[in-house]
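[1] sequence first, predicted coordinates after that:
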Amino acid sequence: MSLRADAVSTLDSWKAPTTAQDSLRHGYLGFLAAREDACARACAAGHLTASAVVLDHAGERVLLTLHPRVGRWLQLGGHCEPEDESLAAAALREAREESGIEGLTLDPEPLHLEVHPITCSLGVPTRHFDVRFLVRAPHGAEPVRSDESEDLRWWPANALPAGTEDLTELIATALDRVRAS
């Protein structure tokens, strides 16, 4: 199955937690239907990306990266690569690469969707259709900052750094899923 086919299948079967998220889900499916290259970074109209809300083993802390280009604390994630077989695999790969943590486990059901404008590696304004997943770190995991980050650290899930208010819904959704499991 191609990455695009996986994205369609994943989003088609996903039960969005809110009406707003379901509306976004339909928008993503429309974009995927219109663009064969919707998962490729080269798609200047926009492209799907995959990110990971990495929680510690206890579900009390979230791992955030200080993104060098954006200058903000964000969840881990990025572009899909040609070798990625699924959006979930792309999110897990990005989490491993950016955290340096082995033994991460991923919940394959999407957690949250968000579309945001950005100028990424294409050098022109585009949009990221981000599909976000929940990832859990093993007990005692210590992150190692990669070259893709200015800083990388655990934050208490209920005391995120200033400027991350737009992550509140995403983190709350992740914590709700952990509590429900």
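    Here it is on my side, so go on.
[2] so in this protein, which helix runs the longest?
    In the chain, ranked by residue count with DSSP state H as the criterion, the top helix is helix 19-34.
[3] and the next helix or strand past it?
    Helices and strands here follow DSSP states H and E; after helix 19-34, the next one along the chain is strand 47-55.
[4] can you name every helix or strand that that next one contacts?
    Based on contacts counted as 3 or more Cβ pairs under 8 Å, 6 or more residues apart in numbering; DSSP states H and E, the elements that strand 47-55 packs against are strand 61-66, strand 76-79, helix 87-99, strand 105-119, strand 125-136, helix 168-180. Just so you know, the C-beta spots here come from the backbone N, C-alpha and C atoms, and that holds for glycine as well.
[5] does His79 touch Thr126 like I think?
    No. In terms of Cβ atoms under 8 Å, His79 does not count as a neighbour of Thr126; the distance is 10.9 Å.
[6] could you pull out the buried residues of the longest helix of the chain?
    Along helix 19-34, these residues count as buried under the neighbour rule (16 or more other Cβ atoms under 10 Å): 21, 24-25, 28, 31-32.
[7] what residues does that helix touch?
    Contacts made with helix 19-34 from outside it, assessed by Cβ atoms under 8 Å, 6 or more residues apart in numbering, are listed as 4, 7-8, 11-12, 14, 16, 38, 46, 48, 112-115, 129, 131.
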